[in-house]
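> Quick one, fold the following:
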Amino acid sequence: MAKQKKDNNNNNNNNNNNGNNGNRKNDILAYKTPLFNSKNIQSFGVYNGDLGKLNYINGNNNIDLLILPIDKLLNSHNENLKFMSENKNPNVSYYDFVSSYKMVLTSINVREKWNDYQKHSKGHFFKYLKKLVKETTNELPQGIIQGIVFFEFSYLEENLGIPGCVQLLADMTSFFQSMVKLVDLDNLDLFNKVKTYINGVVLKNSVFFEDGTQKTSLDALTTDYPDLLQRLKNEITIRSDFIVLDIEIMPVRQQHHEEYIRDRYYIKWLNGYGFKGFTCNNKNFLDLKELKPLDYRTVDDDSVFEFINDGVIKDIHLIMEECTLHVDWRNFKITPEIWKKTMHLIRFPKFIRERIPSVYKTTENDFYSAIYEKKPAPKPISIDEILQSIQDEGEEDEFHDLIPNILNHINKGSQSPVISKSSSVKFNVPLKSKTTCSSLTYFGTSYGITRKIDVENSILEVMFELLKKKLLSHVRTSIDVPSNNFSVQFEVLMKTLDSIIKKPSKSAKYLLKILRNYNPLKILLNLRDGLAKNNIRVYTATSNSFNLKENFNIPYNLVWGLAAEDRNESGVLLIFISETIPNILEAIIHIYAKHVAGYDTKVCTIFESLVNAQDVDNLLPIPERMIWQLNNSSYSEKLTYIQNTRGVVRDIQRCKSLSSEQINYLASMADYIKIYSEYLLIEKQRYLDYLLQCAKTGYQPTKTNNLEEEFCRIVGWATLDPEGLNTLKVFSTCLTEAITGTQIKINSPYTACIVYLFSCFWKACRRIAWLELFSSLVAMNPCFLPESDQVAVSLEMTTTQANLNFLFDLTSHQLSHPMHELLRKRAKKIPIFKKVTDEINNEELNEHSARVLANAFLFVYPVVLDLGFSKFLGSGIFFTDRMDSEARKCLNYVFLILFPIIGGIINSIARTCTYYFFQKSIPLMLSAFIRRLSLAIVVYLVSAFVLALTLFLSYGFKWYIFVFSFLYGISFCLYMTFFSILASLKDSTQLIFTSDGPSAALKGVCIMIVPMCISRFVFADDSYSVVVWAIYSVGLTISWIYMAYEYRCIAKDYMDWPFSLNVPTESDIQNLFEKSYPKPLPFLNEEQELYEKRIRLWERAAREHYMDTVTKALGSKSKNLATIIY
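A predicted model of the protein is given here:
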């Protein structure tokens, strides 16, 4: 009883609240009982068809909110009588079907009613609508209609204006207080003024265009449309009786797979905003099938790329790639009987068979659109027969057993490998024609020895310069992880070298055998020992540093790497290699054998082939860098390789220094290069052209092939279905079992059918993934640049390169070209894009652009000032001709050495502080600047002291050189630092002279004019050089002290500004508001969550009331206002 009495008192309190404060209180939603709970509305539908058919869908499609046109309900009485007579059951009315929904609203087309009102009625439009609604509700059972939806409300806004629309909704709310009111609007200003009168908003085509393509913020009707969406999202969170309905009216459903991608992004968008979604393919809402909620409430993050990386799908992909090469699918006649037997062998479950009914109508002519063989690269010839002739391994086998593991040997601290005294092997290799520089170049056309030497010497100078500046990466240690341990790359390199020496493969033994006259193991041992002792040092550099920088374009063979003796340390060999080389050990062995032993390029090529020989075992070893060069060569270069093969083989055969075995090996290598080039030019290029053509068409299924379309639907729905991955796994498992678990021949029509089914599935995966990528890129950036490189980067941001290679068999760079065409084609249709492009093309120099241009050259003005004074007066703001040569040289050293240090520091300071400044985080900016400034001062002091001490020692121990060099150096560093930070604190909309920061920086520059004038007009020559130097040092000191002071004042003003404002706390605002509008109390049996939302509404009303009061107080002279207003 006590609780009931308390609840009654609360209700009375709320009712008293509603009656005390007039119209203002009626606008505060916190005092009103919510008309409904939006949580109970999960789905909605709009229907304009026969009401008698609603019984067919009621209960099946789970519609919570039903919207029916008012004209349909107004004329429904006679139709209902007819319905009851036809069903011969006077107790069943189709009003019973309507009333079974949780909420039923009637919709009013404002455009139609306004036009009718203009023709037949007089007076206010509100009275016309009131009469219409009353006539409709009077003919229907009581309570069946719970609200009104105003469609095309923007048309009324054009005729009545915003004030007229606000007044209309206010009148409707005042008269129909218990009715829910939803409005179709897209104007943020109108929403802000009517939000207290409505219970929701209806959006149309806010996410997609009518053709189904995705919209972005650039496609919005108005610039504040994204703000409206965010405001609606916020309204949902604080009001329990507010709902946002999004109706996407699409063209008639064509059953294409785009709809699944559309639904995927549509559902994600709705879930992100908390709106309710409904798609319709009929503008008149006549289709009964459209009256249903979205198929899925949420969408998993799983995509096609994640599906295809499943182990089951990967396995069937490998199997089908192999089967495609062995089945002659072009020569089989495919009939329905073959398909029946194939489907019997596959044993698909029923839910998959039912989704591909067109499979039995498919013929062999349809195979061409999905199947295409990816022929593998030709394999090198086998050397098994040659190896059979190698019986005696004698010296080499004995040598292999005597060699310890080099890495273990280094770790034990030994200086050289232990070789048995009984061995007849000598460890040193006799030097032949040792050269100053040896290189490894791309194979191909030769441009002469002279040109080759010039190129080597030019690049070698670049390498030594980079080494001097420590811009090269040492292979022995890792630059990413500072440590004394070997890098992973170096350990792999040494282990591979060990395996070639100790346990060579069959191919490696073959090469060692044919190199027996060139001491191969001895050379490898010396190389290994030199790498271990760091007497041979390998450095990697970017490929660009190996490009010759010349003003004239004379051709030359590109360089992989080169070697030369260290100029600073005797007995050390330096090897420089491009970081793009696929196998660095190949280049090391080739260059070392050429440089130390002076062997011919042909012999060195056999040496480097030992690395690949260790992997291929019994195939002809081919260096990896040759295959890389072939893959990255142009068409003309590949043709040249093919045309020159005969001449290359002839030259090899004529070489008298080579043995017959070496000639056979090199000739076989040349033949393989020809075969591989032909493969790249014909088969690989044909396959690549096919893939790019498919990408250009977007992997569209053929119009005559329904099976490809059905597979697209399966994969498309899999991205929406939580069980979608399992469906694809079942499909793949059935294909795998049909191939591996049955006795069908590999080259049979049944295998061809299975291959075709998988090819259709894979093409569907590509199609859906292509659409997902397109939608993701549109959402990421609707207006891509004219170049396609940005698309390639965006593709890699969307998914991994491995995913693109696996699914499309193309790289991001290759895919970017067809994708870029689609994106640019779409971007050119965006109205705002056209407008901006026209403005850029026709832009004239206006006041704002001139101001921005002037501000951009802030750092240039002091330099121009200094150059002008130096040119016409002989004295600049940093030094003068009144100083002697000794002082000027010292200052030159100060500028030359300290300026790079200053540049790096002020770049870091300005970039960080500017970010915080423009993000309005002033305390963070000040903290970041002080922290960096303290570290910078330490660096400045040390640098200036070391420089001053060096100059002091270099110029005869003169005290003034040390003092003034140090003072001038530290002052110059601080001057530049404060100049940069002050120049960054600017308002780009104002001229630099009116902004506090840049104007203070320029005043600091002007201070330096004073020392310049004194030195110029007071002193006649350089006899008082020390005094002039002192004046400049003092002037520079005063300048940076002034700028530091100005920065402190600016920072203090920024920090003190918030405290100068009398901004009341949230509780103060609520206390003021509560005096006139008490905090609402819970209603009887009101849920806590709903009550908390009413409290948030009351708090929002308090803030709005405070802002309105402040706005009025700004133009009022009254002194009787509350204290917190001021």
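
> check contacts around the residue most central in space within the chain.
In the chain, the residue lying closest to the centroid (CA atoms, centre = their mean) is Met797, at 3.3 Å. Met797 makes contact with Met780 under the criterion CB atoms under 8 Å, 6 or more residues apart in numbering. Every C-beta, even on glycine, is put in place using the N, C-alpha and C of the backbone.

> Can you give me the buried ones in the helix or strand containing it?
Using DSSP states H and E, Met797 sits within helix 789-798. By neighbour count on 16 or more other CB atoms under 10 Å, the buried set for helix 789-798 is 790-792, 794-796, 798.

> packing partners for the helix or strand following it?
The helix or strand immediately downstream of helix 789-798 is helix 801-808, counting by DSSP H and E. Helices and strands touching helix 801-808, by 3 or more CB pairs under 8 Å, 6 or more residues apart in numbering; DSSP states H and E, are helix 304-308, helix 749-780, helix 812-827.

> ok, and what's touching helix 801-808?
With CB under 8 Å, 6+ apart as the criterion, helix 801-808 contacts 304-305, 308-309, 691, 695, 765-766, 769, 795-796, 810-812, 815.

> Could you check how far it is from the centre of its chain?
In this view, helix 801-808 has its centroid 16 Å away from the chain centroid, taken as CA atoms, centre = their mean, to the nearest Å.

> what's the answer for stretch 499-513, then?
How far stretch 499-513 lies from its chain's middle: 47 Å, per CA atoms, centre = their mean.

> pull the CA atoms of that stretch into CSV?
Extracted C-alpha coordinates of stretch 499-513, given in CSV (Å, rounded to 0.1, in the frame of the first residue of the first chain):
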residue,chain,number,x,y,z
SER,A,499,75.4,-27.7,-46.9
ILE,A,500,76.9,-27.2,-50.3
ILE,A,501,80.4,-27.9,-49.0
LYS,A,502,79.5,-30.8,-46.6
LYS,A,503,76.4,-32.4,-48.0
PRO,A,504,75.9,-31.4,-51.7
SER,A,505,72.8,-32.6,-53.5
LYS,A,506,73.0,-34.6,-56.7
SER,A,507,72.8,-31.5,-58.8
ALA,A,508,75.5,-29.8,-56.7
LYS,A,509,77.8,-32.8,-57.0
TYR,A,510,77.3,-32.6,-60.7
LEU,A,511,78.4,-29.0,-60.8
LEU,A,512,81.3,-29.6,-58.4
LYS,A,513,82.4,-32.4,-60.7
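
> and that stretch, which residues are buried?
So, applying 16+ other CB under 10 Å, buried residues of stretch 499-513: 500-501, 504-513.

> how much space between Thr33 and Leu221?
35 Å (CB to CB, to the nearest Å).

> the domain parsing of this structure - what is it?
Following the assignment in automatic domain parsing, the chain carries domains at 38-290, 397-619, 858-1060, 1064-1125.

> nearest to Ser668, of those domains?
Smallest distance to Ser668 across the domains of the chain (CB to CB): 10.7 Å, for domain 397-619.

> Just give me how far the closest one sits from the chain centre.
On CA atoms, centre = their mean, the centre of domain 397-619 falls 40 Å from the chain's centre.

> what's the longest helix in the chain?
helix 1025-1060 (DSSP state H).

> would you put the C-alpha positions of the helix or strand that that helix is followed by in CSV?
Counting by DSSP H and E, the element after helix 1025-1060 in chain order, helix or strand, is helix 1066-1076. Provided in CSV are the C-alpha atoms of helix 1066-1076 (Å, rounded to 0.1, in the frame of the first residue of the first chain):
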residue,chain,number,x,y,z
GLU,A,1066,26.2,20.6,-15.3
SER,A,1067,24.8,20.5,-11.8
ASP,A,1068,24.5,24.3,-11.7
ILE,A,1069,22.6,24.4,-14.9
GLN,A,1070,20.3,21.6,-13.7
ASN,A,1071,19.7,23.3,-10.4
LEU,A,1072,18.7,26.5,-12.1
PHE,A,1073,16.4,24.6,-14.5
GLU,A,1074,14.9,22.6,-11.6
LYS,A,1075,13.6,25.8,-9.9
SER,A,1076,11.1,26.2,-12.8
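
> Show me what counts as buried in helix 1066-1076.
For helix 1066-1076, by 16+ other CB under 10 Å, it's 1069-1070, 1072-1073.

> so how far is the longest helix of the chain from its chain's centroid?
Counting by CA atoms, centre = their mean, helix 1025-1060 comes out at 44 Å from the chain centroid.

> now the strands for the stretch 201-350 of the chain?
For the stretch 201-350 of the chain, applying DSSP state E, counting those that start in this stretch gives strands covering 243-249, 276-280.

> among those strands, where is the model least confident on average?
In terms of mean pLDDT, the lowest-scoring of those is strand 276-280 (a mean of 88).

> Parallel or antiparallel, list what pairs with that one.
Paired neighbours of strand 276-280 in the sheet (DSSP bridges): strand 243-249 (parallel).

> Quick check: closest non-adjacent residue to Lys745.
In space, and not counting its chain neighbours, Lys745 is closest to Thr751: 7.0 Å by CB to CB, 6 or more residues apart in numbering.

> Keep only those of the buried residues of stretch 499-513 that are in helices.
500-501, 506-513.

> which one of these sits closest to Leu666?
Taking these together and measuring to Leu666 by CB to CB, the closest member is Leu511, at 11.3 Å.

> For Val1028, grab the count of nearby residues.
As a burial measure, Val1028 scores 26 neighbours (other CB atoms under 10 Å).

> hang on, the earlier thing: of the strands of the stretch 201-350 of the chain, which is nearest Glu1092?
Between the strands of the stretch 201-350 of the chain, strand 243-249 lies closest to Glu1092; by CB to CB that is 18.4 Å.

> can you list contacts of the closest one?
38, 41, 44, 46, 65, 182, 199-208, 210, 232-233, 235-236, 266, 270, 273-283.

> Repeat that for stretch 726-738.
So stretch 726-738 is contacted by 307, 310, 312-313, 315-316, 319-320, 345-349, 351-352, 714-715, 718, 721, 744, 754, 757-758, 761 (CB under 8 Å, 6+ apart).

> gap between the closest residue to Asp617 other than its chain neighbours and Leu585?
Leaving aside its sequence neighbours, Asp617 sits nearest to Ser505 (CB to CB, 6+ apart; 4.8 Å). Ser505 sits 15 Å away from Leu585, going by CB to CB.
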